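**Student:** A structural model of the following input is requested.
(3 chains)
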Amino acid sequence: MNAVTAHPMLLALRDPAALTGLSVAQWETLVCQARRTNLLPRVAVTLDGLGLLPQVPAPVGAHLEAARTLARAQADAVRREVAYIDRALAATGVPIVLLKGAAYLLAGLPAARGRMFSDIDILVPRPALAEVEAALMLGGWASAKTTAYDQRYYRRWMHELPPLKHVSRRTLLDVHHAILPTTARLKPDSAKLLAASQPVVGEPRLRVLAPRDMVLHSAAHLFCNEDVGNSLRDLVDLDSLLRGFAQESGFWSGLTVRAAELDLTRPLYYALRYVAPILNTPVPASVLGEAEIGRPPPLLRGLMDAIFLRTLQPDRVGAAANLASLARGSLYLRAHWLRMPPLLLACHLITKALRREQITAH
Amino acid sequence: MSSPSALRWRSVAPGAIAWREWDGEYVVRNERSGNSHLLGPLAGRVLEVLLETDRALSVEDIVTALGDELAPPDTFDPHPAIDVVLSEFQRLGLAEPEKR
Amino acid sequence: MIVGELSREALTGGLADGGLRLRTGPVVTRIQSRFPRVAEGVALHYADYTLEDTDGFADFHVRIAPPRSPRRWLKPQVYFHFDGASPFLPLPADQAFAMLEWGLNWCVSHHCHQYLIVHSAALEKSGCALLVPGAPGSGKSTFCAGLVSRGWRLLSDELTLLDFDTGQVVPLPRPVSLKNESIAAIGQFAPSATLGPPVHDTVKGSVAHMKPPTDSVRRAAERAPPRWIALPRYERGASARLTPLSRARTFMHVADHAFNYDIHGRRGFELLADIVSDSDCFEFRYGALEDAVASFDSIAGAA
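**Tutor:** From the prediction side, this is the model:
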């Protein structure tokens, strides 16, 4: 695999101390790239941690400060929203496992620092889904997707209740009973995830995934999902999680075994294959070796290398942008392919395309 | 359900509540809820009284604290009005009754 | 270098290639476009503005461009691109300059969180700032254009930037957008004002822009402390009436119209409260722009 070309954005993630040597034009590119990848507050926090903010040109510093302010406000909003969700579901007694950003934040993980947040994702046991939905509706959440087609798509074919939106707060909540769709080829067992989940300090009803499961979920999310716009950000999450948990005894040694238990050896293979060269994540060689059990056939691997490496680099302005958007498109198709049987896939994409046309025409 | 009068009340997270008063009207920001509110003179004073102390207060305590700021008792019974204020505060997340 | 110093060829060429780095108050935007309407609009409205060198820092990159698909010649459309992505649906191509203006507002209101940003016009006289907060359609732009034509300095038409450290208004003078009847009204009230060509059938009706006075542009670095907050209401034939508005209600109105009040939490609350404390707050009803000017000249004179 070829070395990844360094952009200001990747430099910011791999060697932030070197940012003080950037030219004004490079800072400009960095701000652009960081904004597009939702990583601007992360850059701000990193530079602040190194005591380098005073060396940043003033107009750049203003953008960093603005981004941090926004990220802090989003974190506050997530905490508030989690409190509302907790209150709404308290009477059900159902354990709520927070996922992704909300989990990192409530668990106080380094991955939450400088992170931007949007909607909240929670995992609940499948049998409790109806009760949870009812309690949330009582609490003011309503379905955000209202067409019959979308309702069918989400309930029958995907792994979620249709996304919920709170009627007055306008906040978004995704309730999952599995971390991948039931129609997907990979089937990580939710019961195992829930059984291994850990409590959030000071919160009797809130839980988060166990460290290895958090990493595997992040890997699955990165390499199986549609939201490819946030790929670099998701890779940064993964890198933060790996660095943070590396200190915990037994974390690395059980990772591949756990991946096999959860049918996630392929995403783990990709995750470790790409995160290390792109973000310099320290991954023990033994673990890389063990993760080989998840490797795809060589031709597929070559193709994936091309697509992922292209996609995960922040876009360069100009000609490269087109190539990247093509690659993003392929990734989107692949994500869909992984999630749904091919015939369903064709139906869904065509319908989505048709409805987008209708919206534009208005 | 007990009426507000029978309960004792506290403001939620006093450190999270910022307020200003001009000419008897109050604006309040509650970091806990993220919301801001406009309060009239009575509601504003009730909030001030709650914020001034750590103790949970009954409606009677609040009436006492407000003392002669309230109209004379033969013309005006403040208890129902303060009841309404406290119920509103609970709905807005500004105050809550003490758990028994 | 000032925009007006460029030849039309240089201006058009600059916009078409690497873009021009236009300074508006504290913000520098690299603008790229091949649309003639954009070049004309920039030449007219931004003649007094400074262009930064290509080695200076640009806060935003915007591009006003036609669609990439072959439809481009059938139904002329225009897209607004920001940092390479297009956040909005396209508009008819004749609205290209208006799209630039709306886009520039969007850039600031969505990103410049180092300030508290209020959806408000702001004007300066006697060293103090008058804030006119209000939603589109409230008449604040007509009121603003009227005062600006009679000696008030334009600090901003749409977005008032408030500095956290000093509480002062940071000027962001830009063309004043006028809609529908206001266009003719300002044309009559201020015949010497420079108005761009109106575009019709926008979502807001007919829209035209008024070039800000040169003085307002040149003095964009001069901040001013807020001193008056006014909520104007135009009523045909009505006599001018200035009514004090309670500070608490003014606070709620301004907070309601602040783009990023919620993002700033307590800090935003304290800043707005301080500003309201130090300001006289009014509702103002008027039927003629002359009355508006007279009333506020009088208030400013007494400052």
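**Student:** all helices for the stretch 151-300 of chain C, in order.
**Tutor:** Secondary structure of the stretch 151-300 of chain C (DSSP state H, counting those that start in this stretch): helices located at C:181-189, C:214-218, C:247-256, C:261-277, C:289-301.
**Student:** reformat these as TSV; add distance to residue C:227, mean neighbour count and mean pLDDT.
**Tutor:** C-beta here means a position set from N, CA and C on the backbone, and glycine is covered the same way. Listed next are the helices of the stretch 151-300 of chain C as TSV, based on distance: least, Cβ to Cβ, whole Å; neighbours: other Cβ atoms under 10 Å in any protein chain shown; pLDDT from 0 to 100:
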stretch	distance to residue C:227	mean neighbour count	mean pLDDT
helix C:181-189	25	18	93
helix C:214-218	18	17	97
helix C:247-256	13	22	96
helix C:261-277	9	19	96
helix C:289-301	9	18	93
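**Student:** just for the stretch 201-350 of chain A, where's the confidence low?
**Tutor:** Scanning the stretch 201-350 of chain A for pLDDT under 70 picks out the ranges A:225-230, A:307-350.
**Student:** could you rerun that using 50?
**Tutor:** For the stretch 201-350 of chain A, the stretches with pLDDT under 50 are A:226-228, A:316-327, A:329-333, A:335-350.
**Student:** same list (the helices of the stretch 151-300 of chain C) but as JSON lines, adding distance to residue A:272.
**Tutor:** Listed next are the helices of the stretch 151-300 of chain C as JSON lines, based on distance: least, Cβ to Cβ, whole Å:
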{"stretch": "helix C:181-189", "distance to residue A:272": "62"}
{"stretch": "helix C:214-218", "distance to residue A:272": "56"}
{"stretch": "helix C:247-256", "distance to residue A:272": "49"}
{"stretch": "helix C:261-277", "distance to residue A:272": "37"}
{"stretch": "helix C:289-301", "distance to residue A:272": "67"}
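**Student:** ok, which of these comes nearest chain A?
**Tutor:** helix C:261-277 (4.1 Å; Cβ to the nearest Cβ).
**Student:** can you check which of the helices of the stretch 151-300 of chain C gets nearest to residue C:51?
**Tutor:** Checking those against residue C:51 by Cβ to Cβ gives helix C:214-218 as the closest, at 12.6 Å.
**Student:** hmm, stretch C:25-39 touching chain A?
**Tutor:** Yes - contact of stretch C:25-39 with chain A (Cβ under 8 Å from any Cβ of the partner chain) involves residue C:28.
**Student:** how about the residue of the stretch 1-150 of chain C found nearest chain B, nearest residue that isn't a chain neighbour?
**Tutor:** Distance from chain B to each residue of the stretch 1-150 of chain C (Cβ to the nearest Cβ) is smallest for residue C:116, at 13.4 Å. Distances taken as Cβ to Cβ, 6 or more residues apart in numbering or on different chains put residue C:162 closest to residue C:116, at 4.2 Å, once the chain neighbours are dropped.
**Student:** show me where the stretch 251-362 of chain A has its helices.
**Tutor:** Going by DSSP H, counting those that start in this stretch, the stretch 251-362 of chain A shows helices at A:255-261, A:265-279, A:285-290, A:298-312, A:319-339, A:342-361.
**Student:** just checking, what packs against the strand ranked longest in chain C?
**Tutor:** Taking DSSP state E as the criterion, chain C has its longest strand at strand C:115-125. Strand C:115-125 sits against helix C:96-111, strand C:128-133, helix C:140-148, strand C:153-156, strand C:159-163, strand C:169-170, helix C:261-277, helix C:289-301, with contacts defined as 3 or more Cβ pairs under 8 Å, 6 or more residues apart in numbering or on different chains; DSSP states H and E.
**Student:** okay, strands next: where are they in chain A?
**Tutor:** Ranges of strands in chain A, per DSSP E, are A:96-99, A:120-123, A:141-143, A:164-166, A:172-176, A:198-200, A:203-208.
**Student:** need those in a markdown table with distance to residue C:204 and mean neighbour count, can you?
**Tutor:** Listed next are the strands of chain A as a markdown table, based on distance: least, Cβ to Cβ, whole Å; neighbours: other Cβ atoms under 10 Å in any protein chain shown:
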| stretch | distance to residue C:204 | mean neighbour count |
| --- | --- | --- |
| strand A:96-99 | 42 | 24 |
| strand A:120-123 | 35 | 24 |
| strand A:141-143 | 31 | 17 |
| strand A:164-166 | 28 | 20 |
| strand A:172-176 | 29 | 20 |
| strand A:198-200 | 48 | 16 |
| strand A:203-208 | 46 | 19 |
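**Student:** can you redo these as CSV with distance to chain C?
**Tutor:** Output for those, formatted as CSV (distance: least, Cβ to the nearest Cβ, whole Å):
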stretch, distance to chain C
strand A:96-99, 23
strand A:120-123, 17
strand A:141-143, 20
strand A:164-166, 15
strand A:172-176, 16
strand A:198-200, 23
strand A:203-208, 22
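**Student:** rewinding a little: wait, the residue nearest to residue C:116 sits on residue C:118?
**Tutor:** Yes - in this structure, residue C:162 is within contact of residue C:118 by Cβ atoms under 8 Å, at 6.7 Å.
**Student:** who has more neighbours out of those two?
**Tutor:** residue C:118 (31 against 26; other Cβ atoms under 10 Å in any protein chain shown).
**Student:** close to chain B: what parts of chain C are there?
**Tutor:** Residues of chain C lying near chain B (Cβ under 8 Å from any Cβ): C:246-249, C:251-252, C:255, C:261-262, C:265-266, C:269-270, C:273, C:276-277.
**Student:** chain A next: which of these are close?
**Tutor:** Applying Cβ under 8 Å from any Cβ to these, those adjacent to chain A are C:262, C:265.
**Student:** farthest pair in the residues of chain C next to chain B?
**Tutor:** C:246 and C:265 (23.9 Å).
**Student:** contacting residues for the closest residue to chain A within chain B?
**Tutor:** Nearest residue of chain B to chain A (Cβ to the nearest Cβ) works out as residue B:34 at 5.7 Å. Neighbour list for residue B:34: A:76, A:77, A:80, C:262, C:265 [criterion: Cβ atoms under 8 Å, 6 or more residues apart in numbering or on different chains].
**Student:** is any residue of the longest helix belonging to chain B near chain A?
**Tutor:** For chain B, the helix that runs over the most residues, judged by DSSP state H, is helix B:78-92. No - figure legend: helix B:78-92 not in contact with chain A (Cβ under 8 Å from any Cβ); closest approach 12.2 Å.
**Student:** interface residues of chain B facing chain C?
**Tutor:** B:18, B:20-23, B:25-27, B:29, B:31, B:34, B:36, B:38.
**Student:** what is the most widely separated pair among these?
**Tutor:** The most widely separated members of those, counting by Cβ to Cβ, are B:23 and B:34 (26.5 Å).
**Student:** how about the residues of chain C near chain A?
**Tutor:** Counting by Cβ under 8 Å from any Cβ, chain C comes close to chain A at C:28, C:55-59, C:61, C:83-85, C:89, C:111-114, C:262-265.
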